[in-house]
Every structure is written in structure tokens, then in C-alpha cells.
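> Quick one, fold the following:
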Amino acid sequence: MSANPASANAASVTLSEGTLSSISGRVKTPQYDRAKVQPGIVHIGVGNFFRAHEALYVEKCLEMEGQEAWGIVGVGLGDGPDKRAKADAVNSQNGLYTLTEFSPDGSTSIRVIGALLEFLHAPASPELVLAQLANATTKIVSLTITEGGYNLDEATKEFVLSEPGVQHDLANPKNPKTAFGYIVESLAMRRGSGMGGFTVLSCDNLRSNGKVARTAVVSFARARDPELAQWIEANVSFPNSMVDRIAPSVGSAEVAKVNALSGIDDRTPVIGEEFSQWVVEDDFVAGRPAFEKVGVELRDDVESFEAMKGRLLNASHMMLSYPALMCGFRIVDEALRERAIVDYLLAFLEKDAIPIVEGPVGVSLDEYKKNIIARFENPAIGDQLLRIANNGAAKLPIFLSKTLGELLNRGGSFERVALCLASFNHYLRGADLNGAPLSVDEPYLTEGDRTLIGSNDPHAVLKLSPFESLRLWENDTFVAVFDRTAARLKNEGAVSSLKQAAEAA
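Take a look at the predicted model:
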């Protein structure tokens, strides 16, 4: 996201609290008095997805009477000039920003979101972040810190205490760097002052994300003080949730486009598809907004929704991204215009994934499959394949390992997953099959992984630490399919490989 002002036409309204009344009637503005809103939620990880998803649901709650206690304070953990500039840009607009939703037919809906009251840059002001977390008004601490941000060992599922940021936070509790350092120190402060806990609400794409968040927070706390860990287990809730909405990156071209549509000079606009879903366990130890009145599904079977989304939608995103990049595509909907890609995705869903996924009660997996393809085909979104592909070392095991593990156990077809991994192998080397450069962002690869990638080992990608528990390089049947697929990808190209993978039994 660009934090620089877009070049706006002369009629553009500079976005701030004082200019809301000047905004065109075609743009919806906050229908409540922001001066009366108090912060009840602290959100760590203020990215585009959070601002297009959770913040929108909270915005709709704030429009209802009696919901003034649920404003949001955002927290950014990352350091560096770009991160500081982002916080400055958000705060210069009093936390306001535009959300433009694009329907598949090309129509748009634009609104100004007012739920985000302030953005705190944690490295610059750790004491302010801790004070807000420890404040009695804070009832919910929500998270979008990426799938790999929970710091769990992929094989053991245990919290990695040796991670440098964790070690720093254990030694410097008043000046933390990680989300867990901030959460645990603030809970220690609340405990010390006789206050209760809050709800930690993960909004990341993880199976059982509430349980994962609990493991991370409690493990960190136990390493610091076992009694504090016991208090947290008794006074903090960690509901599981399933989140779903495509919110692509916003560069300078997208900023100019949506600002022209809205007539607003917005430094931090967000765009998203029309579709949005949020399924949450109703386990909020300190209260919550009236989510049930604004479209949030409060259910006891969140894990079945998580399984459906992770193993169908998110897995399809990963299955799509690497072969499509090898074809030379960079935008999702453009890739879907290649029939071989559509057939390959449908074959993965119909032959590999759906037969071993049990969907939630009342949900048709066949309709869900059709909806996935339709969402990917939406030409108005312009979602970037690299946005999906990046951080694959963390995402691929989460969304594909269980399906691949079951295929290995029952002797299913490996051709489609093998093509994904062979394409991932090329992506890691920073270029597509035509030699065009790819910007690779893989922060969770170890030094050993990077050494493997730089080696001549044809099975290096199968030996990367994220896939270690599957022992793929030891499975002769899978290796044979992988070798055949990798050779085909190199010699015949991506489209031919996609066609043959789709046709495999």
C-alpha cells in the first residue's frame, strides 16, 4: 500500500474528520458521532485485509445505538521508514479511509470507514501500546499477524521459545517486539491492577486459529511466569474464527483509480470484493459488539468452516498462484482466462480435495467450489498472484499438507499437487519459465532451506523444513510423479503441464 498522497483532481476532498460533510453523497460516510466512540478493540497487524473485513463489521456495529464502546486502536509492529509512514498517513486522516467494493459486474460501492480511531506504531511508542492494551476499556485484542507469525514449530506444533524476538521480549518485557510480548505484558499489568483479561481474537487463515493463538500466548507466558500463564488460561478467551474476503494490494495505480471514483484524496484506501464472510465462536470473556446483527455468523462449528475454506479456497489460491506465475500471468482473473488453469483447479477440487473434506452442516461443497472460481474470475479486483504466492513456505503446509497427507495414505493422485510444488520450486529461484523476474518474499525459510534452494538437489523443494513432516523425498511413488511433472514443466511448459495434470485420474 502506498502511504503517499495520490495525485487528485482539483475537486478532490482531502480526507479527515473535518471534511466528512463535504464528501459526495454517492460515498457513504460514518452514520454516528465519532467523538462519542471509545476504543474497545486493539488490533495488531493493520493491513488491507483487516481494514476491509473486521473493521467493516465493527463500522456497521457502530452505526447502531449503544455500540459506542467498540472503536478500534490499530497497532503496527513492523519497523522501518515505510511502516512509520503508513502510521503517519493513517493518523493524518484521523484513522479514516475509503473502502471500495467491486462486484463481478463491475459496479462499485464506496464508503468511508471510521471505526479505526488511531494507529500506534509500536516500535516508536511501546509504552502507549502497552497502556492501551492494559486499559480497562480494552475488551478484545484481535490479530492479523500472518500464518507464520504464531511462531509454532510445524512438526511439533509447539511455540518456538528460541526465536530471537521471543528471547528479546522475555528479557525486555516493557519494550517488546512481538505480539505475544505485548499481549502477555499487558495481561500481567491487568492482573497486577486487579483487572480481568480480554479476548484474543485471531483473524488469520489458520485451522483452529484460536487454539493456535492460545498455544502461543500461554507458552510465552509460561516461559516468563507459570502463575501468570495459569491466570491467562482462566481469564482470557481465544475463540476460533474463519475469515474470508479478497482484499488485494493497493499500489499507486489503484490509489488513483479509487480516489477518482470517490472524489476523495485518500492516502490509505482499501479495495475488496463484494463477498465477505466471518464465522466466529461466541466466546468473548469481556463482551463483544453486536456482531450477530451485521452478518457475522456466531457458530459452534467454526472448525468445519475453517477446514472447508483452508482446504478448498485457500488451497486453490496456492495451487493457482505458482503454475499461473510460470505461465507468465501476474493477475488472478487474467490467469483464469486460460482454460487449462480453470480445468486444473476444478480437477484439484473435485478429485483431490472435496472427497476428503466434510463441509459444515447446510453448506454445499459443490456450490462452494463454483463460488471459488467465480470469485477468482472477478475482473474488477485485479488481485496479484505474487501477493498470494509470497510467504508460501508458511502457507503451503497449512493449506495443502492435510490433503496431500491423505492422498499419500490412500494412494490418491499426486499430479496436481506435484505441479504446484514443482512450480513453487521455480518461484523460489526468482523467475518464471520465460526468465521474467519474480519478487520472492519468504521470511520463514531457514538458512538451511535457503542453502537447499541454492543447491543442485532436484528434490530440494521436497526437503524444505515446512514439508519435513511429510517426508516427501522418501516416498518413491510421490518422487516419481514429482520428477515426471518437473521434467514436463521444464520441457513442455506450464500450459501443457496444467492440461495433463487436470486430466490425471
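
> Neighbours of Met81, how many?
Not quite, residue 81 is Pro, not Met. As a burial measure, Pro81 scores 8 neighbours (other CB atoms under 10 Å). Just so you know, the C-beta spots here come from the backbone N, C-alpha and C atoms, and that holds for glycine as well.

> Would you quantify the distance from it to Ala87?
Counting by CB to CB, to the nearest Å, the separation of Pro81 from Ala87 is 11 Å.

> again, but for Met319
Counting by CB to CB - Met319 and Ala87 are separated by 36 Å.

> okay, these two: which has more neighbours?
Met319 (28 against 23).

> tell me which element the more buried one falls in.
Taking DSSP states H and E as the criterion, Met319 maps to helix 315-327.

> Which strands or helices does the helix or strand following that helix pack on?
Sequence-wise, the next helix or strand downstream of helix 315-327 (DSSP H and E) is helix 332-335. Helix 332-335 sits against helix 315-327, helix 385-389, with contacts defined as 3 or more CB pairs under 8 Å, 6 or more residues apart in numbering; DSSP states H and E.

> Now render these as CSV, adding mean pLDDT.
Shown next, in CSV, are the helices and strands packed on helix 332-335 (pLDDT from 0 to 100):
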stretch, mean pLDDT
helix 315-327, 98
helix 385-389, 96
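
> Which one of the ones you listed lies nearest to Ala353?
helix 315-327 (6.3 Å; CB to CB).

> Please state the offset of the closest one from the chain centre?
Distance of helix 315-327 from its chain centroid, counting by CA atoms, centre = their mean, to the nearest Å, is 17 Å.

> cool, stretch 454-465 as well?
Distance of stretch 454-465 from the chain centroid (CA atoms, centre = their mean) equals 27 Å.

> Just the buried residues of that stretch, please?
Within stretch 454-465, the residues that qualify as buried are Ala460, Val461, Leu462, Lys463, Leu464, Ser465, counting by 16 or more other CB atoms under 10 Å.

> Stretch 139-153 too?
Neighbour counts over stretch 139-153 (16+ other CB under 10 Å) mark 139-152 as buried.

> Just the CA coordinates for it, please, in PDB.
Taking Å, rounded to 0.1, in the frame of the first residue of the first chain, the C-alpha atoms of stretch 139-153 are listed here in PDB:
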ATOM      1  CA  LYS A 139     -12.100  -5.900  25.800                       C
ATOM      2  CA  ILE A 140     -10.800  -7.500  22.600                       C
ATOM      3  CA  VAL A 141      -7.300  -7.800  21.100                       C
ATOM      4  CA  SER A 142      -7.600  -9.100  17.500                       C
ATOM      5  CA  LEU A 143      -4.700 -10.200  15.300                       C
ATOM      6  CA  THR A 144      -3.700 -10.500  11.700                       C
ATOM      7  CA  ILE A 145      -0.100 -11.300  12.000                       C
ATOM      8  CA  THR A 146       0.100 -13.800   9.100                       C
ATOM      9  CA  GLU A 147       0.000 -17.600   9.200                       C
ATOM     10  CA  GLY A 148       3.700 -17.800  10.100                       C
ATOM     11  CA  GLY A 149       3.500 -15.200  12.700                       C
ATOM     12  CA  TYR A 150       2.400 -17.500  15.500                       C
ATOM     13  CA  ASN A 151       5.900 -19.000  15.800                       C
ATOM     14  CA  LEU A 152       4.900 -22.600  16.100                       C
ATOM     15  CA  ASP A 153       7.100 -25.500  15.000                       C
END
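
> pLDDT on it, on average?
Average pLDDT, stretch 139-153: 94.

> still on that earlier bit, out of the helices and strands packed on helix 332-335, which gets nearest to Asp266?
In terms of CB to CB, the element of the helices and strands packed on helix 332-335 nearest to Asp266 is helix 385-389, at 20.4 Å.

> which residues of the chain fall in strands?
Along the chain, counting by DSSP state E, strands occupy 13-14, 39-44, 71-76, 97-102, 108-113, 116-121, 140-143, 199-202, 241-244, 264-265, 270-273, 277-280, 297-298.

> Quick one: the helices and strands packed on helix 332-335 as JSON lines, columns for distance to Ala188 too.
Below are the helices and strands packed on helix 332-335 laid out as JSON lines (distance: least, CB to CB, whole Å):
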{"stretch": "helix 315-327", "distance to Ala188": "38"}
{"stretch": "helix 385-389", "distance to Ala188": "37"}
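
> between these, which one is nearest to Ser12?
For the helices and strands packed on helix 332-335, the distance to Ser12 is smallest for helix 385-389, at 27.3 Å, taking CB to CB.

> mind putting the strands of the chain in a markdown table, distance to Leu62 included?
Formatted as a markdown table, the strands of the chain follow (distance: least, CB to CB, whole Å):
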| stretch | distance to Leu62 |
| --- | --- |
| strand 13-14 | 22 |
| strand 39-44 | 10 |
| strand 71-76 | 7 |
| strand 97-102 | 14 |
| strand 108-113 | 10 |
| strand 116-121 | 10 |
| strand 140-143 | 14 |
| strand 199-202 | 17 |
| strand 241-244 | 19 |
| strand 264-265 | 20 |
| strand 270-273 | 17 |
| strand 277-280 | 16 |
| strand 297-298 | 19 |
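
> Minimum distance to Arg339: which of these has it?
strand 270-273 (22.6 Å).

> for the closest one, packing partners?
If contacts are counted by 3+ CB pairs under 8 Å, 6+ apart, strand 270-273 sits against helix 48-52, strand 97-102.

> can I get those in JSON lines with mean pLDDT?
Formatted as JSON lines, the helices and strands packed on strand 270-273 follow (pLDDT from 0 to 100):
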{"stretch": "helix 48-52", "mean pLDDT": "97"}
{"stretch": "strand 97-102", "mean pLDDT": "97"}
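
> what domains does the record give for the chain?
Domain segmentation of the chain under automatic domain parsing yields 13-30+47-288, 303-503.

> okay, stretch 241-258 in PDB with CA atoms only?
As requested, the backbone C-alpha atoms of stretch 241-258 are provided in PDB (Å, rounded to 0.1, in the frame of the first residue of the first chain):
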ATOM      1  CA  SER A 241     -12.800 -17.800  13.700                       C
ATOM      2  CA  MET A 242     -12.900 -18.200  10.000                       C
ATOM      3  CA  VAL A 243     -12.400 -15.100   7.900                       C
ATOM      4  CA  ASP A 244     -12.900 -14.700   4.200                       C
ATOM      5  CA  ARG A 245     -12.600 -11.800   1.800                       C
ATOM      6  CA  ILE A 246     -10.200 -11.000  -1.000                       C
ATOM      7  CA  ALA A 247      -8.500  -7.600  -0.300                       C
ATOM      8  CA  PRO A 248      -5.700  -7.100  -2.800                       C
ATOM      9  CA  SER A 249      -2.700  -4.900  -2.500                       C
ATOM     10  CA  VAL A 250      -3.200  -1.200  -3.300                       C
ATOM     11  CA  GLY A 251      -0.400   0.500  -5.300                       C
ATOM     12  CA  SER A 252      -0.300   3.900  -6.800                       C
ATOM     13  CA  ALA A 253      -2.400   3.000  -9.800                       C
ATOM     14  CA  GLU A 254      -5.100   1.600  -7.500                       C
ATOM     15  CA  VAL A 255      -5.000   4.600  -5.300                       C
ATOM     16  CA  ALA A 256      -5.500   6.900  -8.300                       C
ATOM     17  CA  LYS A 257      -8.400   4.700  -9.600                       C
ATOM     18  CA  VAL A 258     -10.400   4.600  -6.400                       C
END
